[in-house]
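Participant: Using only what follows, build the 3D model:
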Amino acid sequence: MNQPLLLPSLLVYTEAQDYIPNEHQEYAEALTNPIKHVSLLDQRERQLAALMEDNGERVLEQPKEGERDRKGDAALGKIPSPLHPVPAPIDDISDLISSPGTGQKEDLIATVLANLQAQSTEELKQQKSYLKLLKKQCKELKELRKKHLKKVWALSKEQRSRCNQLRSDTQRRRSQMEKHLKRSMKKNEPAEPVQRQLTALEMELQKQTVQLREWQMQELLKLRQQQHTLEREKKHTHLREAFQKIKETSQECQTAQLKKLKEICEREKKELQKILDRKRQNSIIEAKSRDRDKAESYVCVCVCVCVCVCVCVHVSVARYTETSELFQY
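Facilitator: Predicted structure coming up:
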């Protein structure tokens, strides 16, 4: 106690180390060697893209044994353990889902997704109920015009009868005046009064003829105005009926299309689920056949699940869009 220490006893070897948990080991390696981390990420994207492809679309070259061992070691170094999964960044997940399998996903949706469009107005006008209504309306217009022609014919007949009656009355009065003129000439009486009566009779005949024609024109004009009013009201009624019929037909077609769309959507979901399950099984078998480790199989299953969810979401969005368009129509 209380003894002076020598200089060699003060120089003690001290070693300090940082403790890093297993779940943060990848972050530490990325910070110490970022170039290696970026290269490993690129390699993982290429491997996942290869897993996404079908067996018949791309034939992969078999690597050498040394390269396979090195790739396996690198994959073990970068793939997290299933017991302690490392949460990947959101950007990496979005790139993983969108970039490698976008074309394949779109092709898969195109093969399963059926195209169902809303019927246009021209197609609705070709329905039997609408054509039957148009035929009925055309028949009503023909009947209305036929009644108008009958009225015009009756008016012309009445005008001719009046003209004949006027001519017969004028002819009878003229014959009487001529007889009176002959008797006056035999008796040497002046013929000027009789001549004035004949002239007045001719003028009266012309005046009555003009009045008769004016009456006929006025009656024809009234008939034509009445016919025009009736046709206009009838056409307006027909337009309202046609619009109502088109509306009812479109509602019926929309109901039928929505029912059909629901059935097609259910069938497409089942078919899509079968295809994706088959692709998932093929990907797992392919990963196992290439002597991949369990972690890579786990990643393969995760990728297949993500693709399945994305495809189902795309199908649901497409069907929702079609349903919205049908309701808007």
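Participant: Run through the helices of this structure in chain order.
Facilitator: Secondary structure of the chain (DSSP state H): helices at 7-10, 25-32, 34-52, 65-78, 90-98, 102-112, 121-125, 128-186, 192-289, 294-328.
Participant: which residues touch stretch 213-228?
Facilitator: 144-145, 148, 151-152, 155-156, 159 (Cβ atoms under 8 Å, 6 or more residues apart in numbering). To be clear about C-beta, it is placed using only N, CA and C from the backbone, and glycine gets the same treatment.
Participant: Now restrict those residues to buried residues only.
Facilitator: With burial judged by 16 or more other Cβ atoms under 10 Å, the buried subset of the contacts of stretch 213-228 is 148, 155, 159.
Participant: Surely the last one is in contact with residue 212?
Facilitator: What it means is residue 159. Yes. Applying Cβ atoms under 8 Å, one finds residue 159 in contact with residue 212, separated by 6.7 Å.
Participant: follow-up on the earlier one: out of the contacts of stretch 213-228, who's nearest residue 180?
Facilitator: Of all the contacts of stretch 213-228, residue 180 sits closest to residue 159, with 31.9 Å by Cβ to Cβ.
Participant: who's in contact with that closest one?
Facilitator: Neighbours of residue 159 in contact, by Cβ under 8 Å, 6+ apart: 212, 215-216.
Participant: The same query, at a cut-off of 10 Å, please.
Facilitator: Contact partners of residue 159, counting by Cβ atoms under 10 Å, 6 or more residues apart in numbering, are 212-213, 215-217, 219-220.
Participant: How much space separates it from residue 263?
Facilitator: 70 Å (Cβ to Cβ, to the nearest Å).
Participant: ditto for residue 127
Facilitator: 22 Å.
Participant: Between those two, point out the one with more neighbours.
Facilitator: Set side by side, residue 127 and residue 263 show more neighbours around residue 127, with 17 against 10, by other Cβ atoms under 10 Å.
Participant: Chain neighbours aside, what residue packs nearest to the more buried one?
Facilitator: Among residues not flanking residue 127 along the chain, residue 249 sits closest, at 5.2 Å (Cβ to Cβ, 6 or more residues apart in numbering).
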